[in-house]
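model this:
(chains A and B)
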Amino acid sequence: EAQVTQNPRYLITVTGKKLTVTCSQNMNHEYMSWYRQDPGLGLRQIYYSMNVEVTDKGDVPEGYKVSRKEKRNFPLILESPSPNQTSLYFCASSSPGQGSRGYTFGSGTRLTVV
Amino acid sequence: QQPVQSPQAVILREGEDAVINCSSSKALYSVHWYRQKHGEAPVFLMILLKGGEQKGHEKISASFNEKKQQSSLYLTASQLSYSGTYFCGTVRPSNNAGNMLTFGGGTRLMVKP
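Numbers count the residues shown, from 1 in each chain, chains lettered A, B, ... in the order given. Alright, predicted model coming up:
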């Protein structure tokens, strides 16, 4: 089944403890993105990647890092999480050759930083 | 800069119609529409690539006015399954690879029996 898989689904952590949220897609998509969703603010793009080793900042990149060493994986790294990073995170992927299909989203990761 | 969606929320009876608008202050290359049900991930509905283009998905259609930098989503004869939050996502010409997709704040739609 074509899908984007995020792990973990839920995570509670403490301020300053480094964490990684994994994202993997099995559709051979070139494009991958991370979004955070907060009430009243919609979906805001954190980072995106156009292909392996090609990444760029979105609208809210502060406090996050990403890497794209393999086409299928696009992990999101929080080096020193803070409470304002408590949010619902979505990974999404797409392909330029499938522009009519838009983005496929993962199931989301609900992160709480205390 | 995020596109602006209106209305923020709408309540319908089954069978009624609704229009959701998406407006940008910047020139647009394309517009995406997604629907998100409570507790789930957003699901792609359609993409509009050309000015004036219209597309349809079930009884849901959309238009894109490139000149006005606006898109509208039309829900006809709404069904209970249409309930959810609708997001437009815009891509600007400088990022026409489609990767810098900026979403609006969402429109919450509730369809009642």
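
Might you report the residue contacts of the closest residue to chain B within chain A?
In chain A, no residue comes nearer to chain B than A:Gly102, which is 3.4 Å away by CB to the nearest CB. C-beta here means a position set from N, CA and C on the backbone, and glycine is covered the same way. In this structure, A:Gly102 makes contact with A:94, B:32, B:34, B:44-47, judged by CB atoms under 8 Å, 6 or more residues apart in numbering or on different chains.

Please flag which of the residues you listed sit within strands.
Per DSSP state E, strands hold the following members of the contacts of A:Gly102: A:94, B:32, B:34, B:44-47.

I'd like the residues you listed written out as TSV, with distance to A:Arg68 added.
Putting the ones in strands among the contacts of A:Gly102 into TSV (distance: CB to CB, whole Å) gives the following:
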residue	distance to A:Arg68
A:Ser94	14
B:His32	22
B:Tyr34	23
B:Phe44	22
B:Leu45	27
B:Met46	28
B:Ile47	24
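
can I get the residues you listed in a markdown table with neighbour count, distance to B:Pro113 and pLDDT?
Formatted as a markdown table, those follow (neighbours: other CB atoms under 10 Å in any protein chain shown; distance: CB to CB, whole Å; pLDDT from 0 to 100):
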| residue | neighbour count | distance to B:Pro113 | pLDDT |
| --- | --- | --- | --- |
| A:Ser94 | 28 | 36 | 90 |
| B:His32 | 26 | 30 | 92 |
| B:Tyr34 | 24 | 25 | 96 |
| B:Phe44 | 19 | 27 | 92 |
| B:Leu45 | 20 | 23 | 91 |
| B:Met46 | 20 | 27 | 89 |
| B:Ile47 | 23 | 32 | 88 |
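
Out of those, the closest to A:Val113 would be?
B:Tyr34 (26.8 Å; CB to CB).

Who are the contact partners of that closest one?
A:102-103, B:42-45, B:86-89, B:103.

For it, which residues count as its bridge partners?
Note on B:Tyr34: beta-bridge partners by DSSP bridges are B:Phe44, B:Phe87.

Tell me how far it lies from B:Thr85.
Distance, B:Tyr34 to B:Thr85, by CB to CB, to the nearest Å: 9 Å.
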